[in-house]
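In: Next input, structure requested:
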Amino acid sequence: MNSEFKAKNIEFANMSFSFPHWRHGAIPKSTIFSLKRLIKENPQALFFAAAGNSGSRISDNHREGAYPATFNLKNIVSVGALDTDHLYEEKMPDYK
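Out: Okay, the predicted model is just below:
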């Protein structure tokens, strides 16, 4: 698949799925690493990744949150949802 991204000059990809950390055992470690390699080796493409809507935090320890949204790569846009239809700057830390 990696060569297809470059050959077809893909500019963006929607990744509306989320995987837990491989240590949880739900996803094989090789799947997570293959996904990261795909994104990393295609810097010409922008990847939109679901951050998950469970209210979990995406943190630097990468054992929380969801993959690929937690990969520390410059060509990922992590997308999530909020529990409100009105945004107030002073309430940002309280939204889920």
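In: residues touching the residue nearest the centre of the chain, list them.
Out: By CA atoms, centre = their mean, the chain has its centre lying nearest to residue 69, at 1.5 Å. Taking CB atoms under 8 Å, 6 or more residues apart in numbering, we find residue 69 in contact with 18, 49-52, 58, 76, 78-80. No exception for glycine: its C-beta is placed from N, CA and C like everyone else's.
In: Narrow these to those in helices?
Out: Per DSSP state H, helices hold no members of the contacts of residue 69.
In: Neighbour-wise, give me the winner out of those residues.
Out: residue 49 (25 neighbours; other CB atoms under 10 Å).
In: my read: that residue touches residue 78, true?
Out: Yes. The pair residue 49 / residue 78 is scored as a contact, 5.4 Å apart, by CB atoms under 8 Å.
In: where's stretch 6-23 relative to the chain centroid, distance-wise?
Out: Mean-position distance between stretch 6-23 and its chain equals 8 Å (CA atoms, centre = their mean, to the nearest Å).
In: can you list contacts of it?
Out: With CB under 8 Å, 6+ apart, stretch 6-23 has contacts from 4-5, 26-29, 31-32, 35, 42, 44-52, 62-64, 66-69.
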